[in-house]
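A.B. asks: below are the sequence and a predicted model for it; my questions follow.
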Amino acid sequence: MKTISILGSTGSIGTQTLDVIRHDPERYRVAALAAGGNVELLVQQALEFRPSVVSLATKEAAERAASMLPDGIRVLHGEEGLIEAAAGAGAELVVTALVGSRGIRSTIAAIEAGAAVGLANKETLVAAGHLVTKLAEARGVSILPVDSEHSAIFQCLNGERRADVKKITLTASGGAFRDRTRAELKDVTVEQALAHPNWAMGAKITVDSATMANKGLEVIEAHWLYSMPYEQIDVLLHPESIIHSMVEFTDNSVIAQLGVPDMRIPIQYALTWPERRPSPAPALDLAAIGRLHFRPMDLERYPCLRMAYEAGRAGGSAPIVFNAANEAAVERFLRGEIAFLEIEDTIAAMLDRFPPEPVDTYEAIAELDARVRREVTALR
Ligand SMILES: NC(=O)C1=CN([C@@H]2O[C@H](COP(=O)(O)OP(=O)(O)OC[C@H]3O[C@@H](n4cnc5c(N)ncnc54)[C@H](OP(=O)(O)O)[C@@H]3O)[C@@H](O)[C@H]2O)C=CC1
Ligand SMILES: CC(=O)[C@@H](O)[C@H](O)COP(=O)(O)O
Ligand SMILES: [Mn+2]
């Protein structure tokens, strides 16, 4: 039986992780669940899975949850509650499914406690990849990718020698606007940006898919997870999201991982690795799909991806600035305060305003992240 804590249990990844657990209940015990403000769903999950710790974002939310839960469950809140859920509930594996850079601190806490990490929160590696990978190595802790592309690469690299890898290729669906020109992006609405063609995900990542910032974050995530130079990380448009990513070797052999676009497959692999188990997700039927399509990536069409490559290559503070500017701009877009194309303008402005410099501690990352957010909020 594996003991698991889930940070962000009420979100898209969190609820699908619980679905994987529900499908194979003898194998898992849930140690802790942490969420933001969705008290009703968290309480429902706690009554079903009986963790010893739950945490919510605020004291008020935690008090409301406590009034609905039995005495045996400790109800915590805020950053301290998150850290306790990550590090104090005895989990062997912590699934990090918070959205955004607020996931960094609790991921570090899980690693410091010696727990393996099922990493969905890609912003952690984008902003703190240099610290988190070093810490995980020092503690002998595995970071198991949940992100579908990185799970695919993880599976393709199984048993291979790193020296034999020529390049990795991340596939990109193109998101909600894959068939629009840049001119056609001027007046797109929030509702249109949230209509991802293949995946049902949280709002922030769905907008990131539409701007291609998601693939930019994933390029940086792959750089840290697989110690891969940016020159050896490619992106290929693949509208069907059936090939989740691939690895090309020195002999020009290419190994790809395929499956239906259902996150329960990569989530489950992070939970069961190195074993495989029957999945609640449907099987892939290539004959029914018939054809798969591919298009080259155009960095002029997708400046967010170009800026992510540049920020990743520059290193130091640049990916932190890219990530914080993107998060704050997407929040503003979702609130209707800025237009879709102003997301990329905001990132460009922040990368100009904050030239790359070394950032070597978690505290310095958090401080820079907050400064960039303040600047974005103050724009216009
Ligand atoms: N969804 C997907 O298919 C994929 C997601 N990812 C990555 O996984 C991460 C999660 O994405 P996704 O599940 O889509 O996001 P969602 O928005 O669906 O879920 C976010 C979760 O974070 C919780 N949360 C928000 N604020 C706080 C807070 N202050 N304290 C504690 N918890 C908080 C939310 O709680 P509440 O709802 O209760 O407020 C919710 O449980 C992201 O980094 C994303 O990029 C990667 C690959 C695929
Ligand atoms: C499911 C998953 O891993 C997402 O990150 C997905 O990759 C988003 O799709 P895009 O390829 O459109 O970014
Ligand atoms: Mn992905």
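C.D. replies: Arrived safely. Ligands and ions are numbered 1, 2, ... in the order given.

A.B. asks: any idea how far residue 153 lies from residue 269?
C.D. replies: Residue 153 is 12 Å from residue 269, where distance means C-beta to C-beta, to the nearest Å. All C-beta atoms are positioned from the backbone trio N, CA, C, and that covers glycine.

A.B. asks: and stretch 102-117, end to end?
C.D. replies: End-to-end distance for stretch 102-117: 16 Å, by C-alpha to C-alpha, to the nearest Å.

A.B. asks: mean confidence score for that stretch?
C.D. replies: Averaging pLDDT along stretch 102-117 gives 98.

A.B. asks: run the chain-centre distance for that stretch.
C.D. replies: 14 Å (C-alpha atoms, centre = their mean, to the nearest Å).

A.B. asks: in it, what counts as buried?
C.D. replies: Buried residues in stretch 102-117, counted by 16 or more other C-beta atoms under 10 Å: 102-113, 115-117.

A.B. asks: so of the residues you listed, which ones are in strands?
C.D. replies: 116, 117 (DSSP state E).

A.B. asks: which of the buried residues of stretch 102-117 fall in helices?
C.D. replies: 104, 105, 106, 107, 108, 109, 110, 111, 112 (DSSP state H).

A.B. asks: which one of those is nearest to ligand 3?
C.D. replies: Distances from ligand 3 to these, taken as C-beta to the ion, are shortest for residue 107 (17.3 Å).

A.B. asks: wait, that closest one sits on residue 117?
C.D. replies: Yes: using C-beta atoms under 8 Å, residue 107 makes contact with residue 117 at a distance of 6.0 Å.

A.B. asks: give me the common contacts of these two.
C.D. replies: Here residue 107 and residue 117 have 94, 96 as joint contacts, going by C-beta atoms under 8 Å, 6 or more residues apart in numbering.

A.B. asks: what helix or strand does the closest residue in space to residue 182 that isn't next to it in sequence sit in?
C.D. replies: Once flanking residues are discounted, residue 182 sits nearest to residue 301: 6.2 Å by C-beta to C-beta, 6 or more residues apart in numbering. Using DSSP states H and E, residue 301 falls within no helix or strand.

A.B. asks: tell me the spacing between residue 301 and ligand 2.
C.D. replies: Distance check for residue 301 against ligand 2: by C-beta to the nearest ligand atom, to the nearest Å, it reads 14 Å.

A.B. asks: could you do residue 268 as well?
C.D. replies: 14 Å.

A.B. asks: contacting residues around that residue?
C.D. replies: By C-beta under 8 Å, 6+ apart, the contact set of residue 268 is 20, 277, 279, 281.

A.B. asks: the third one: what secondary structure?
C.D. replies: Think residue 279. coil (DSSP: H, G, I helix; E, B strand; the rest coil).

A.B. asks: okay, now it: neighbour count?
C.D. replies: Using other C-beta atoms under 10 Å, residue 279 has 19 other residues around it.

A.B. asks: what's it sitting at in phi/psi?
C.D. replies: Backbone torsions of residue 279, given as degrees, to the nearest 10, read phi -110, psi 150.

A.B. asks: now do the contacts for it.
C.D. replies: 20, 23, 264, 265, 268.

A.B. asks: quick one: buried ones out of the residues you listed?
C.D. replies: Buried, going by 16+ other C-beta under 10 Å: 20, 23, 264, 265, 268, out of the contacts of residue 279.

A.B. asks: got phi/psi on the last one?
C.D. replies: Torsion angles at residue 268 (phi, psi; degrees, to the nearest 10) stand at phi -60, psi -40.

A.B. asks: what's the answer for the third one, then?
C.D. replies: According to degrees, to the nearest 10, the main-chain angles of residue 264 amount to phi -70, psi -20.

A.B. asks: ok, it - contacts?
C.D. replies: Counting by C-beta under 8 Å, 6+ apart, residue 264 has contacts 16, 19, 20, 279, 280, 281.

A.B. asks: biggest separation within the residues you listed, which pair?
C.D. replies: 16 and 279 (11.2 Å; C-beta to C-beta).

A.B. asks: which pair of the contacts of residue 279 spans the longest distance?
C.D. replies: 23 and 265, at 11.8 Å, using C-beta to C-beta across those.

A.B. asks: hang on, the earlier thing: tabulate the contacts of residue 279 in JSON lines, adding columns for pLDDT and distance to ligand 1.
C.D. replies: Output for the contacts of residue 279, formatted as JSON lines (pLDDT from 0 to 100; distance: C-beta to the nearest ligand atom, whole Å):
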{"residue": "20", "pLDDT": "98", "distance to ligand 1": "13"}
{"residue": "23", "pLDDT": "97", "distance to ligand 1": "17"}
{"residue": "264", "pLDDT": "98", "distance to ligand 1": "10"}
{"residue": "265", "pLDDT": "98", "distance to ligand 1": "11"}
{"residue": "268", "pLDDT": "98", "distance to ligand 1": "13"}
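
A.B. asks: now do the nearest residue to residue 321 once chain neighbours are set aside, the pLDDT please.
C.D. replies: Closest residue in space to residue 321, ignoring its immediate chain neighbours: residue 354 at 4.5 Å, by C-beta to C-beta, 6+ apart. Residue 354 carries a pLDDT value of 98.

A.B. asks: could you measure from residue 300 over to ligand 1?
C.D. replies: In terms of C-beta to the nearest ligand atom, residue 300 sits 25 Å off from ligand 1.

A.B. asks: give me the neighbour count for that residue.
C.D. replies: Every residue meeting other C-beta under 10 Å relative to residue 300 is counted, giving 7.
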